[in-house]
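In: This is a predicted model, with the sequence first.
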Amino acid sequence: MKFLKALPFAAMAILVPVAVPAAAEEPAAVAPAPAYSTAATDIGTLLDNPQTRAVLDKHLPAFASNPQIEMARAMTLRQIQSFAADMLTDEVLAKVDADLAKIAKVG
């Protein structure tokens, strides 16, 4: 008789879902940061790489030949934007960034 009284509890134990750890969700794919950018890549690096230099020449034709550019090689285009706001507009730098994003980083 004790067996019959315990039967409903045994059945409940079987039917109650067992806590299973959730499968680890894979993190959302994060787009890799662009290899070169106007905010993170120094001007010297952009000038020394033929592909990135071509982007600068395309959007900023007189930039690379400016005699003062040597003083700015360790800075980024965004850092010197305030010194040449007429040439380095947000629109121009956005176009430069778009073209730089298409170039794979060397080294």
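Out: Perfect, I can see it now.
In: Apart from its neighbours in sequence, what residue is nearest residue 78?
Out: Leaving aside its sequence neighbours, residue 78 sits nearest to residue 39 (C-beta to C-beta, 6 or more residues apart in numbering; 4.5 Å). All C-beta spots, glycine's among them, are computed from the backbone N, C-alpha and C.
In: Could you look up the next helix or strand downstream of the lowest-mean-pLDDT helix or strand in the chain?
Out: Lowest mean confidence among the helices and strands of the chain (mean pLDDT, DSSP states H and E): helix 2-15, at a mean of 52. On the C-terminal side of helix 2-15, the closest following helix or strand by DSSP states H and E is helix 43-48.
In: residue contacts, residue 38?
Out: For residue 38, the contact set (C-beta atoms under 8 Å, 6 or more residues apart in numbering) comprises 76-78, 93, 96-97, 100.
In: What count of nearby residues applies to the residue lying closest to it once chain neighbours are set aside?
Out: Closest residue in space to residue 38, ignoring its immediate chain neighbours: residue 77 at 4.0 Å, by C-beta to C-beta, 6+ apart. Neighbours of residue 77 under the rule other C-beta atoms under 10 Å: 25.
In: before we move on, what about the one 4 residues further on?
Out: Using other C-beta under 10 Å as the criterion, residue 81 is surrounded by 18 other residues.
In: mind listing what it touches?
Out: Shown in contact with residue 81 (C-beta under 8 Å, 6+ apart): 88, 93.
In: hmm, 10 Å instead?
Out: Contact partners of residue 81, counting by C-beta atoms under 10 Å, 6 or more residues apart in numbering, are 38-39, 75, 87-90, 92-93.
In: what do you get for residue 94?
Out: Contacts for residue 94 (C-beta under 10 Å, 6+ apart) come out as 38, 59.
In: can you tell me how far it sits from residue 38?
Out: Residue 94 sits 8 Å away from residue 38, taking C-beta to C-beta, to the nearest Å as the criterion.
In: Over to residue 99?
Out: Per C-beta to C-beta, residue 99 is found 10 Å from residue 38.
In: No more questions from me, cheers.
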